[in-house]
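1. Give me coordinates for this.
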Amino acid sequence: MTLNIALSPQIEAGLRQKAAALGEPVDAYALRVLEQAATAPSASQIDQSTVDLLRCWNAEDATVDAGEIASRQREWDEFAASINAHHSSNRNIYP
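-> Numbering: from 1, shown residues only. Down below sits the predicted model:
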C-alpha cells in the first residue's frame, strides 16, 4: 500500500529529527512508527488482560475458611493503620 500524508512543517521536522537521532532514513523511521502503532494492542485489549489477571488472582486466593478470612482481615487492618500512621499528610489514606 502506498500512502501519501500531508504533514505540518513542525511534524515533519520532528520526524526528521527523531530519525536522524537514530541514524535511520526518515521514510524507514516513519514506516517503523506506523507499524508499531498498527500492531500495538488497543487500550481495551490491555484492560481486558488486566481484568483477566486480577480475576485469576482472586480465584487463586479465594477461601471460605473463617480463620483464614479473619487472619487476612487482621493483616489488612494492621497494614492500613501503619500506612495511616506513617505518611506525610494529616489525612487518613485508609479511613
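2. helix or strand for the residue nearest to the spatial centre of the chain, which one?
-> Centroid-nearest residue in the chain: Ile46, 8.1 Å away (criterion: Cα atoms, centre = their mean). With secondary structure defined by DSSP states H and E, Ile46 is part of helix 43-61.
3. And Ala62, how close does it get to Asp27?
-> 54 Å (Cβ to Cβ, to the nearest Å). Where you see a C-beta, it was placed from the backbone N, CA and C, and this is true even at glycine.
4. Looking at those two, which one has more neighbours?
-> Under the neighbour definition other Cβ atoms under 10 Å, Ala62 and Asp27 were set side by side, and Asp27 has more, 10 against 7.
5. how about the more buried one, phi and psi?
-> Torsion angles at Asp27 (phi, psi; degrees, to the nearest 10) stand at phi -70, psi -40.
6. quick one: it from Asn58, how far?
-> Taking Cβ to Cβ, one finds Asp27 at 48 Å from Asn58.
7. rewinding a little: buried ones in the helix holding Ile46?
-> Within helix 43-61, no residue counts as buried by 16 or more other Cβ atoms under 10 Å.
8. Would you mind checking the average pLDDT for that helix?
-> Helix 43-61 shows a mean pLDDT of 89.
9. outside of that helix, which residues touch it?
-> Contact with helix 43-61 is made by Pro41, as judged by Cβ atoms under 8 Å, 6 or more residues apart in numbering.
10. which element follows that helix toward the C-terminus?
-> helix 66-85.
11. just the angle between that next one and helix 43-61, please?
-> Relative orientation of helix 66-85 and helix 43-61, computed by axes from the mean of the first three to the mean of the last three Cα atoms, to 10 degrees: 130 degrees.
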